[in-house]
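Colleague: I need the structure of the sequence given here:
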Amino acid sequence: MRELNLDRLRTLVTIVEQGSFVAAARVLHLAPPTISLHINELEERLGVPLLLRKRKKATPTGVGAALVERAQRLLNQSDAMLEAIQLHAEGKTGRVRVSAATPVIAYLLPTALDRLAQKHPGIEVELAVLNSREAMDRLAKGLLDIAAVALPQSQMAEVQVHPWRKDPVVALIPAHWEHPKKATARWLASKPLILNDDSTQLARIANEWFAASGLRPQAKIRVNYNDSAKSLVGAGYGATLLSYETLYPQIDKRLKTLYLDPPLWRPMGIAHHSGPLEIAVRHVLDELKKI
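Modeller: Numbers count the residues shown, from 1 in each chain. All right, here's what the predicted structure looks like:
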């Protein structure tokens, strides 16, 4: 069974609203024969007359009036849907799925999201806490739009990765420890350490930093949660290495921050799926790049 055509339904509704075939033709910018054809097709499809034609006037039959009532609701929904999709296509509305590690979401993204909300209030950002490996996998599968990831990343045809920022890594130590002005690898290696496990990018670059001084210290405690690491340092269990941006606001007087000698940097990238990007996604990328 053929489905009803929205254009034919719009013709019927317009005839009833305008009161005649001729007036409907003017409103719809269609030739009068086309208007007649639309109604003939509808009546043939339903097998009943929909309009009573009296001279130059047209009024709905009982079936026609029932169909017009329902068609008006359907056309309104269709128009609303098309308007919403048009706004989405123009980048005025939309949902953009973004992932990052907890520190990035907590300390870096709020400023960018505030700017986005002021410029593009119709864009909604959906945040997910994912590590870089999970984020790259979801980007490749089309389940994510943008991700802040650790660098370097393996090349993937479905994903593009661009350098974003470099943040200094610092040592966090118990405030009561005697300490040098800056923390060297040899000084830190002599202390009990609270470090990420080797699956994280921070652990990898920390291992390389120690190795450059000929050192391979073993961690006393392995933990991947920054707040847990800070709590353990505050309790005096040892020192840890964290990205600088994860430390603020820093109000725990039990903690002391030391810069590293030589400096260590944690490179970050912005990843998104390859191919054309929706305008809303580009708006979010533009604000992230300003951080």
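Colleague: what's the distance between residue 159 and residue 132?
Modeller: As defined by CB to CB, to the nearest Å, residue 159 lies at a distance of 11 Å from residue 132. Backbone N, C-alpha and C define where each C-beta goes, glycine included.
Colleague: what's the answer for residue 192, then?
Modeller: Separation of residue 192 from residue 132 (CB to CB) stands at 28 Å.
Colleague: For these two, indicate the residue with more neighbours.
Modeller: residue 132 (22 against 15; other CB atoms under 10 Å).
Colleague: what sits against the more buried one?
Modeller: 101, 147, 149-150, 153, 201 (CB atoms under 8 Å, 6 or more residues apart in numbering).
Colleague: what's the answer for residue 272, then?
Modeller: Applying CB under 8 Å, 6+ apart, we find residue 272 in contact with 139, 145-147, 159-160, 281, 285.
Colleague: now it, which residues is it bridged with?
Modeller: residue 146, residue 160 (DSSP bridges).
Colleague: Retrieve the pLDDT associated with it.
Modeller: Per-residue confidence (pLDDT) for residue 272: 96.
Colleague: Distance of it relative to residue 160?
Modeller: Counting by CB to CB, the gap from residue 272 to residue 160 is 6 Å.
Colleague: Next: residue 217.
Modeller: 37 Å.
Colleague: next SSE after the helix or strand bottoming out on mean pLDDT in the chain?
Modeller: Using mean pLDDT, DSSP states H and E, helix 102-107 stands out as the lowest-scoring helix or strand of the chain, at a mean of 81. Helices and strands here follow DSSP states H and E; after helix 102-107, the next one along the chain is helix 109-119.
Colleague: Determine the set of other helices and strands touching that following helix.
Modeller: Applying 3 or more CB pairs under 8 Å, 6 or more residues apart in numbering; DSSP states H and E, we find helix 109-119 packed against strand 123-129, helix 279-288.
Colleague: now the angle from it to helix 279-288?
Modeller: For helix 109-119 against helix 279-288, the angle between stretch directions is 130 degrees (axes from the mean of the first three to the mean of the last three CA atoms, to 10 degrees).
Colleague: Show me what the residue nearest the centre of the chain is bridged to.
Modeller: The residue lying closest to the centre of the chain (CA atoms, centre = their mean) is residue 97, at 2.1 Å. Under DSSP bridges, the beta-bridge partners of residue 97 are residue 126.
Colleague: That one touches residue 145, doesn't it?
Modeller: Yes. When contacts are counted by CB atoms under 8 Å, residue 97 is listed as touching residue 145 (4.7 Å).
Colleague: Can you add mean pLDDT and give the helices and strands packed on helix 109-119 back as TSV?
Modeller: Formatted as TSV, the helices and strands packed on helix 109-119 follow (pLDDT from 0 to 100):
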stretch	mean pLDDT
strand 123-129	93
helix 279-288	93
